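> predicted model and sequence below, questions to follow.
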Amino acid sequence: MIKAVFFDIDGTLVSFNTHRIPDSTKQALNRMREREVKVFIASGRPPVQMGFLKELVDFEFDGYVVMNGQYCYDAQGVYHRESIPTDSLRQLLPYLEQTGLSCSFVELDRVYINRITQPVVDLYDMLGGTARMEPTGDPARSLTHTTYQLSAFLPKEREAALMEHLPGCKAARWNPYFTDIIPADGGKPVGLQKTLERYGIRQEESMAFGDGGNDIDMLRYAGIGVAMGNATDDVKQAADYVTAEVDGDGVQRALEHFGVI
C-alpha cells in the first residue's frame, strides 16, 4: 500500500509546453489527499522558487524535498539540511574565472549567478516564467554565506573537468543546459529517506515520479519509481514503470495503474 508519493516539478508535475499542472494531475493529487496519501515535492529548485506552486494548486504539499535533497521541510519546520563545503567553493571560484563558465549559487532564500551566458538565457526561455532569471552577484559571497547547491551551465562533456575543482561534491544533471552540484553524500534519495523516517512510512510504501537525470537515484530508492513518458532514456531504464507524458495524463494514469487512486 502506497502511503507517500514524491513528485519532481519541471517536466513531471508542470508541463514544459503549458507551464501549468494538467487538470488530470490536479484531480489525481486531490484524490490522493482524500485517501490520506502523503504528497511531497522532490525538486532541484530552492525554497525561494516554491511560491509559484501556490498559483497552480489550492493546497499545501505535505512536505518539500528541495535543492535535490539538500534541504527538507514541512509545516512543522526543517528536518534536514546539508550545504556545499566551503573548501570546495574556494577551489571552484578560480576555475570559473579561468573558463568563463556561468554558475548559479543557491542559498536558502537567495539565488544569484556570476555571469549571464546564452545557455542561461535558453534555460529560462524553456521554463517560461515559472522561475525568474537570477541576478548577477559576486561568487566570493559563497565563501561567507551558506550555499546548498550550485548550477553550472556547461555541456555534459565538460562536466568531468569541472568536478575536478569541486572535491567532496557530485553532479546531478537533469537538463542539457546545466548540471546541479551537491555534496557527494547528498541527493534526492537522502531527502526521501529523511522524510519517510519523519512520517513513519516504510521505503516500500513510497512512490516517486521524475523525468530528469537528477531523478534517477530517487526512482531507484522509492518503492515504486515512475518515469514520465517525456523522460530521457536513462531515467526510463532506472524506473519500475514508464507512464505517459506530462500532457498525456501521465501522473493520473500511473497512480490509477498502481491503485493509489
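Great, that's in hand. All values reported here derive from a predicted model rather than from experimental measurement.

> residues making contact with the longest helix along the chain?
Looking across the chain with DSSP state H, the single longest helix is helix 86-99. Helix 86-99 is contacted from outside by 101, 103, 114, 139-140, 142-143, 147, 150, 162, 165-169, using CB atoms under 8 Å, 6 or more residues apart in numbering. Every C-beta, even on glycine, is put in place using the N, C-alpha and C of the backbone.

> return the member of those residues nearest to Thr232.
Leu162 (20.5 Å; CB to CB).

> one step back: which one of the contacts of helix 86-99 is nearest Asp217?
When the contacts of helix 86-99 are ranked by distance to Asp217 (CB to CB), Cys169 comes first, at 15.1 Å.

> tell me, how many residues neighbour that closest one?
Cys169 sits with 23 neighbouring residues when counted by other CB atoms under 10 Å.

> any idea what it is bridged to?
Per DSSP bridges, the residues bridged to Cys169 are Pro183.

> and the gap between it and Ile201?
According to CB to CB, to the nearest Å, Cys169 stands 29 Å off from Ile201.

> surely Gly248 touches Gly229?
Yes - using CB atoms under 8 Å, Gly248 is in contact with Gly229, at 6.2 Å.

> which parts of stretch 245-261 are buried?
For stretch 245-261, the neighbour count (16 or more other CB atoms under 10 Å) marks 245-247, 249-255, 258, 260-261 as buried.

> measure Lys208 to Val48 for me?
Let me fix one detail, which is that residue 208 is Ala and not Lys. Counting by CB to CB, the separation of Ala208 from Val48 is 23 Å.

> higher neighbour count, the two?
Between Ala208 and Val48, counting by other CB under 10 Å, Ala208 is the more crowded of the two (30 against 16).

> show me the shaky parts of the stretch 1-150 of the chain.
By pLDDT under 70, the weakly predicted segments of the stretch 1-150 of the chain are 128-133.

> now the strands for it?
In the stretch 1-150 of the chain, the strands defined using DSSP state E, counting those that start in this stretch lie at 4-7, 38-42, 63-66, 71-74, 77-81, 102-106, 111-113, 149-153.

> now do the stretch 151-261 of the chain
169-175, 178-183, 206-210, 224-227, 241-242.

> turn the strands of the stretch 1-150 of the chain into JSON lines, columns for mean neighbour count.
Listed next are those as JSON lines, based on neighbours: other CB atoms under 10 Å:
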{"stretch": "strand 4-7", "mean neighbour count": "26"}
{"stretch": "strand 38-42", "mean neighbour count": "23"}
{"stretch": "strand 63-66", "mean neighbour count": "26"}
{"stretch": "strand 71-74", "mean neighbour count": "21"}
{"stretch": "strand 77-81", "mean neighbour count": "13"}
{"stretch": "strand 102-106", "mean neighbour count": "25"}
{"stretch": "strand 111-113", "mean neighbour count": "19"}
{"stretch": "strand 149-153", "mean neighbour count": "25"}
